[in-house]
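Student: Coordinates only, no sequence provided:
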């Protein structure tokens, strides 16, 4: 058991070391994550469509959300496992949440990466991650497999 645990720990350390090296090679460090999150959510708050949805959910809780999002994106980039939240549950039942808003979220994320001077490689990496995350959330929040069943189409 001890050998198995130490083997897992070594494997985990190797994963985070590789991730850190990959991120460093594309210009991403903790300061980059902080700047990305701070700038992005500053832009979100000013966005005509996204701002009211986020404000409705996070009013009075923005500082905690920012800490959580920095941990989230740091965990995604550096594979640290530091984020332990439940994103699908966090997004369920949000007033004003709509599938089309995810496209706006992605565009704003891309614009933010450009605005903060992300390298081309970092921009590509973060957008690929953001697109996977958005797709996962859209499927979890809005997809109903029954609609794929031809027998269910047109049913009340």
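Tutor: Everything's here; your move. Nothing here was measured: the structure is a model prediction, and the numbers come from that model.
Student: hey, let's count contacts and neighbours off CA atoms from now on
Tutor: Fine.
Student: where in this protein is pLDDT low?
Tutor: 1-9, 88-90, 94, 144-156 (pLDDT under 70).
Student: Tell me who's in contact with residue 96.
Tutor: Contacts for residue 96 (CA atoms under 8 Å, 6 or more residues apart in numbering) come out as residue 53.
Student: where does it land in three-state SS?
Tutor: State at residue 96, reduced to three classes by DSSP: H, G, I helix; E, B strand; the rest coil: coil.
Student: Backbone dihedrals for it, please?
Tutor: Per-residue torsions, residue 96: phi 90, psi 0 (degrees, to the nearest 10).
Student: quick one: the helices in this structure?
Tutor: Assigned by DSSP state H, the chain shows helices spanning 2-25, 30-46, 50-58, 62-78, 87-91, 101-115, 120-142.
Student: export those helices to TSV and tack on mean neighbour count?
Tutor: Shown next, in TSV, are those (neighbours: other CA atoms under 10 Å):
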stretch	mean neighbour count
helix 2-25	13
helix 30-46	17
helix 50-58	16
helix 62-78	17
helix 87-91	12
helix 101-115	17
helix 120-142	15
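Student: For residue 82, which non-adjacent residue is spatially closest?
Tutor: residue 75 (5.4 Å; CA to CA, 6 or more residues apart in numbering).
Student: Verify the contact between residue 82 and residue 73 for me.
Tutor: No - contact between residue 82 and residue 73 fails when scored by CA atoms under 8 Å: they sit 9.4 Å apart.
Student: Residue 80 is in contact with residue 20, correct?
Tutor: No - using CA under 8 Å, residue 20 is not in contact with residue 80; the gap is 9.4 Å.
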